[in-house]
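1. this one's sequence-less:
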């Protein structure tokens with residue numbers, strides 16, 4: 001088993017025909033501009049795994065998100081690949097992440113077979129996050 005793709009984006013939508021639309025793909029940095037702190041945003045993580053013929057059909061996974069080297073959020077579960085499927089997609093969506101300031105995101109992916117034997121362990125990232133508060137706009141004055 002190996003990691004084929006890892007993308008950080010704004011959203012992922014499931015489409016007909018076993019397709020996914022990945023919207024707003026980020027590179028190695030994200031800029032969030034907000035009127036007040038903390039910044040709150042949605043992030044999506046598109047992961048595709050290559051399975052070999054000897055890899056199991058049922059697997060477990062854990063995807064951890066770290067903010068400035070601290071455990072921040074994560075996903076976990078089980079997956080099943082169809083007989084003969086060589087590629088499995090994990091579209092993971094964090095509906096609301098809160099960033100108090102600028103910093104760095106890192107990620108860890110772990111895929112296991114039962115009873116917990118690791119098939120794949122990868123550290124991913126970093127992605128720098130810049131949080132910028134906008135300057136307050138002056139209130140409109142009314143002329144008498």
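-> Happy to help now that I have it. In this text, all values refer to a predicted model and were calculated from it rather than measured experimentally.

2. So, low pLDDT: which residues of the chain?
-> 136-144 (pLDDT under 70).

3. Residue 85 reaches residue 50, doesn't it?
-> No. Taking C-beta atoms under 8 Å as the definition, residue 85 is not a contact partner of residue 50, at 10.4 Å. No exception for glycine: its C-beta is placed from N, CA and C like everyone else's.

4. who has more neighbours, those two?
-> More crowded of residue 85 and residue 50, by other C-beta atoms under 10 Å: residue 50, with 14 against 11.

5. isn't that one right up against residue 1?
-> Yes. Taking C-beta under 8 Å as the definition, residue 50 is a contact partner of residue 1 at 6.5 Å.

6. ok, for the residue nearest the centre of the chain, nearest residue in space, not its chain neighbours?
-> With distances taken as C-alpha atoms, centre = their mean, residue 45 lies nearest the centre of the chain, 2.8 Å away. Once flanking residues are discounted, residue 45 sits nearest to residue 92: 4.4 Å by C-beta to C-beta, 6 or more residues apart in numbering.
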